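J.: Need coordinates for the below:
(2 chains)
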Amino acid sequence: MWSAILTLLGITALAALAGYGLLYRLAQPGLKPWLWRGLVVLCRLVLAGVFLLAAIGKLENPFAFATSIYAYRVIPASLALIVGVVMPAIEILAAAALVSGVLWRGGAVVLGGMLIVFIAALFQAIVRGIDIDCGCFGSESSSVSFWLIARNYLLLLLALCPLVLDARRWRRLSGR
Amino acid sequence: MSAPPPSAPPTRPGRHRLLRLCGEALLILLLGAGAGLARNALRADPLPYDIPGNMLLTESGARVVFLAEALVRYQAAETIFVDARSRDGFLGGHIDGALCVPLEEAELLLDELDLWSGGQPLLVYGATANLLRADELARQLRGRLTSEILILAGGFEGWQQGGYPFSDGPVGLLDAADASEEGGEAW
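T.: So this is what the prediction gives:
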């Protein structure tokens, strides 16, 4: 168990350092407008694409997805069924917001929050020795591992980047 | 000389911005949740929210399938149906084309079942919605066979009540001896 905790702490520290370095750099003045605009759009599109793919895989069989959620042994069966029905729709809506630009900040916050929950769920499954499929992409899912946690950290960075860049632009425009 | 106009109270644009961000996120969550629940309600076979935990996560680890999916698999004829009930129960009526593998005799019949399955998925069912019997057989099958093992929710009772095809008689009875003597041509 301790090795799992140490591994997670290591991955988290690496992700935090990389994320802080990148976000700090992006928040500095001097970044060309076309560059930050391009970065914001790129991050939004990549994140939306990943979650759209994930949602389509889950929509095909909500029961199978609910069993995947329940297999983490964190929430009761009835709640797992509701989450199994609701989560793909939320993912699609948030992804659509990121692509269209309507409420995209809210979409990024929602997906970022979901990724944090996914990381916590994956971690507790590893620590408790629960060997299951992650359920991330419906039937096309891989087994729970630290690699998935690292991947989710990367996606979390994609959710944070446009928010940080947007906040930076807002600060510049408002003269703060 | 008129007095200067009172200055406006200091605004907190950062807080407003944060509130707007939370509001947008909440709106997406609520709209998404509503859309998901509505989509499920409008489905031909809406997912019920009161399924017990042992149907979501069986002891054997086998996935539970509902009647709608079982019927699709039955019509595609790419899944072997396995009856986990006793021989008497099987003779009294079973899913058309199913193989009889009573839980008590499973150990003896596994080799022949392996021959018959040919790597196809196996859908195990018991008498009723109580999955204990089917789950135990699924556990034994998963330990020995490489085929995908599934469990039918509702069991034979649910299949009958759904009006799906079933038959009675000895067709589908497996005999452990036949596996070696006749190469699985028992039925």
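
J.: CA only for contacts and neighbour counts going forward, please
T.: Noted.

J.: Contacts only, for the spatially most central residue of chain A.
T.: Centroid-nearest residue in chain A: residue A:115, 3.2 Å away (criterion: Cα atoms, centre = their mean). Contacts for residue A:115 (Cα atoms under 8 Å, 6 or more residues apart in numbering or on different chains) come out as A:152, A:153, A:155, A:156.

J.: quick check, nearest of the residues you listed to chain B?
T.: Distances from chain B to those, taken as Cα to the nearest Cα, are shortest for residue A:156 (15.6 Å).

J.: So what's the residue count around that closest one?
T.: 23 (other Cα atoms under 10 Å in any protein chain shown).

J.: From residue A:91, how far off is the nearest residue to it once chain neighbours are set aside?
T.: Counting by Cα to Cα, 6 or more residues apart in numbering or on different chains, residue A:112 is the residue found nearest to residue A:156 once chain neighbours are left out, at 5.5 Å. Here residue A:112 is placed at a distance of 11 Å from residue A:91 (Cα to Cα, to the nearest Å).

J.: So for the two, which sits in the more crowded spot?
T.: Legend: neighbour count by other Cα under 10 Å for residue A:112 and residue A:91, higher for residue A:91 (27 against 21).

J.: you'd agree the more buried one is up against residue A:113?
T.: No: using Cα atoms under 8 Å, residue A:91 is not in contact with residue A:113, being 11.4 Å away.

J.: hey, which helix or strand in the chain has the poorest pLDDT?
T.: Since no chain was named, I'll use chain A. Lowest by mean pLDDT, DSSP states H and E among the helices and strands of chain A is helix A:2-27, with a mean of 79.

J.: Quick check: closest non-adjacent residue to residue 71.
T.: Because you didn't say which chain, this covers chain A. With Cα to Cα, 6+ apart, the residue lying closest to residue A:71 is residue B:57, at 6.3 Å.

J.: wrong one, I was asking about chain B
T.: With sequence-adjacent residues excluded and distances taken as Cα to Cα, 6+ apart, residue B:71 is closest to residue B:164, at 7.8 Å.

J.: just checking, the one you found is part of a helix?
T.: No: using DSSP: H, G, I helix; E, B strand; the rest coil, the assignment for residue B:164 is coil, not a helix.

J.: can you count the residues close to it?
T.: Other residues close to residue B:164 by other Cα under 10 Å number 14.

J.: ok, back up a step: what's the helix or strand for the residue nearest to residue A:156?
T.: Element membership of residue A:112, judged by DSSP states H and E, is helix A:104-127.

J.: Quick check: mean pLDDT of that helix?
T.: Along helix A:104-127, the predicted confidence averages to a pLDDT of 93.

J.: hmm, which helix or strand of chain B has the shakiest average pLDDT?
T.: For chain B, counting by mean pLDDT, DSSP H and E, helix B:176-181 ranks last in confidence among helices and strands (a mean of 47).

J.: related to what we said a few turns ago, surely the residue nearest to residue A:71 and residue A:72 touch.
T.: No: between residue B:57 and residue A:72 there is no contact under Cα under 8 Å: 9.9 Å.
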